[in-house]
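Chemist: Sequence and computational prediction follow.
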Amino acid sequence: MIELLARLIAGRALGAQAAVKTHSPLVYLHWERAAGARAELPGEAGAPANPMA
């Protein structure tokens, strides 16, 4: 079972670059987590984070 899956939709994070071009430093990630799995938001984009659960 996969405990954590992150899909990069826009921006640059976790060592990857999304195909969607952006005009400002942003990161749009979709996370799927198993119960109890932990992850940290990447801070490499320099943009403020707005996590939603």
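Modeler: Ah, there it is.

Chemist: Okay, and residue 32 sits in which element?
Modeler: Secondary-structure element containing residue 32, defined by DSSP states H and E: strand 27-33.

Chemist: per-residue confidence averaged over that strand?
Modeler: Taken as a whole, strand 27-33 has an average pLDDT of 86.

Chemist: Could you tell me which strands it is paired with, and in which direction each runs?
Modeler: Partner strands for strand 27-33, per DSSP bridges, with pairing direction: strand 4-13 (antiparallel).

Chemist: Contacts for the partner strand next, please.
Modeler: Outside strand 4-13, the residues that touch it by CB atoms under 8 Å, 6 or more residues apart in numbering are 14, 16-18, 20, 22, 25-34, 37, 39, 42, 44-45, 47. (Glycine included, C-beta is placed from N, CA and C.)

Chemist: What's the first helix or strand after it?
Modeler: Later in the chain than strand 4-13, the nearest helix or strand by DSSP H and E is strand 16-17.

Chemist: what comes into contact with that next one?
Modeler: By CB under 8 Å, 6+ apart, the list of residues contacting strand 16-17 from outside reads residue 8.

Chemist: Pairing partners for the residue nearest the centre of the chain in the sheet, please.
Modeler: By CA atoms, centre = their mean, the chain has its centre lying nearest to residue 29, at 3.1 Å. Each beta-bridge partner of residue 29 is listed here: residue 8, as defined by DSSP bridges.

Chemist: and residue 22, how many neighbours?
Modeler: For residue 22, the tally of surrounding residues (other CB atoms under 10 Å) stands at 14.

Chemist: Next one: residue 33 from residue 22, what distance?
Modeler: Shown here: residue 33 relative to residue 22, a distance of 25 Å by CB to CB, to the nearest Å.
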